[in-house]
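Asker: Quick one, structure for this:
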Amino acid sequence: MFLPPVADRYLLTGPQSRTGEAVTVLKVMWDLLRGFRTLHFVGPCVTIFGSARTPESDPHYQMARRVGAAAAEMGFTVMTGGGPGIMEAGNRGAKDVGGRSVACNIALPFEQTANPYLDRFVTLRYFFVRKVMLIKYSYAFVVLPGGFGTLDELFESLTLIQTGKLDDFPVILMGKEYWSEQIAMLDTMARTGTISRDDLKLLHITDSVEEVVGHLHEKAVKTFGLKPTIRRPRPWLGERGL
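Answerer: Residues are numbered from 1 along each chain as shown. Sure thing, here's the model as predicted:
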C-alpha cells in the first residue's frame, strides 16, 4: 500500500491553517488506529533494529537472521521496520524456524517495499507513529549496525527506559566493532555527568547470539513473567488494518 511521503513534512513545517492542522490530527489518529488494529494480537515481541542497506553477504545480516530465529524459537514474535537489510534478516530468521514475523513499514519518497518474510505488516505515514508501534508491543530491543534511523530508535528506547516512561526492558547492542566509537562516547557521557554510570547498565553489548538468548530469558521472560509459545503463522496476511 503506497501512502504519500509528504505527511511528516507537512506536519513539521510550522503552523498551518486551523483546518489543515485538524486534518493532520485526524491523519495521525488514523495512523495510530491502523497500527493498533493490525498489531493488537501479535503477542510479546522482540524488535530488531538495523540498517536497510546491509546486503545478505554481510556478517551482520547473518547475525540478525540468527537472532531472529533464536527469538522466535523462544516463542517471541519478531518485529522490525519491515524493509530490506537487517530488518529483512530478522524477519527471515523468524520464518526459518516457523516463528511469527511482523513489521511496521514506513512510506518514504523512495517507497520502501515490505520484505517478503512477513505474516503481517502495516505501512504508516508518520515516523513517530512507527516508533510508537515498534516499541509498544516489544519486551526487548536488539540493535545491529545501522545509520541515523537506527541511532534514533536506539536512543528513543534508552530515553524512554531512563525516564521511566517504559519498563526496564532489555536493550541489546550487537556488532561490537561497529559500535566501538559510540560505546566510547557513552563512556564519555557518563564520565562528564551528562548521563549516570547506572544508565550504562541499560545497554547490554554482545556479539553472541547465545548470550542474547540468555539475556532475553533473564531480563524479559523471567522479569516480566512471560510465557511465550510458538504460534504457527497463518497464511500470508499481507498488510492488515482498517
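Asker: Where do the strands of this protein begin and end?
Answerer: Ranges of strands in the chain, per DSSP state E, are 45-49, 77-80, 101-106, 120-124, 138-143, 171-174, 203-206.
Asker: Deepest-packed of those, please.
Answerer: Of all the strands of the chain, strand 77-80 has the most neighbours on average by mean count of other C-beta atoms under 10 Å, namely a mean of 32. No exception for glycine: its C-beta is placed from N, CA and C like everyone else's.
Asker: list the helices and strands that strand packs on?
Answerer: On a contact count with 3 or more C-beta pairs under 8 Å, 6 or more residues apart in numbering; DSSP states H and E, strand 77-80 meets strand 45-49, helix 59-73, helix 86-96, strand 101-106.
Asker: Distance from stretch 85-94 to the middle of the chain?
Answerer: Mean-position distance between stretch 85-94 and its chain equals 11 Å (C-alpha atoms, centre = their mean, to the nearest Å).
Asker: same deal with stretch 74-94?
Answerer: Taking mean C-alpha positions (C-alpha atoms, centre = their mean), stretch 74-94 and its chain are 9 Å apart.
Asker: for stretch 33-53, same thing?
Answerer: 7 Å.
Asker: Next one: the closest residue to Gly93 other than its chain neighbours from Phe127, what distance?
Answerer: Once flanking residues are discounted, Gly93 sits nearest to Gly68: 2.6 Å by C-beta to C-beta, 6 or more residues apart in numbering. Distance, Gly68 to Phe127, by C-beta to C-beta, to the nearest Å: 23 Å.
Asker: Among these two, which residue is more densely surrounded?
Answerer: Between Gly68 and Phe127, counted using other C-beta atoms under 10 Å, Gly68 has the larger neighbour count: 33 against 18.
Asker: confidence score at the more buried one?
Answerer: At Gly68, the model reports a pLDDT of 98.
Asker: Repeat that for the one 5 residues further on.
Answerer: For Glu73, the model assigns a pLDDT of 96.
Asker: Could I have the CA atoms of stretch 176-190 written out in PDB?
Answerer: Taking Å, rounded to 0.1, in the frame of the first residue of the first chain, the C-alpha atoms of stretch 176-190 are listed here in PDB:
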ATOM      1  CA  LYS A 176      30.900  -4.500  19.000                       C
ATOM      2  CA  GLU A 177      33.500  -3.400  16.400                       C
ATOM      3  CA  TYR A 178      31.000  -1.300  14.500                       C
ATOM      4  CA  TRP A 179      29.600   0.400  17.700                       C
ATOM      5  CA  SER A 180      33.000   0.800  19.400                       C
ATOM      6  CA  GLU A 181      33.200   4.600  19.000                       C
ATOM      7  CA  GLN A 182      29.600   5.000  20.000                       C
ATOM      8  CA  ILE A 183      30.300   2.900  23.100                       C
ATOM      9  CA  ALA A 184      33.300   5.200  23.900                       C
ATOM     10  CA  MET A 185      31.000   8.200  23.500                       C
ATOM     11  CA  LEU A 186      28.600   6.700  26.100                       C
ATOM     12  CA  ASP A 187      31.600   6.300  28.400                       C
ATOM     13  CA  THR A 188      32.500   9.900  27.900                       C
ATOM     14  CA  MET A 189      28.900  11.000  28.600                       C
ATOM     15  CA  ALA A 190      29.000   9.000  31.900                       C
END
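Asker: All good on my end, thank you.
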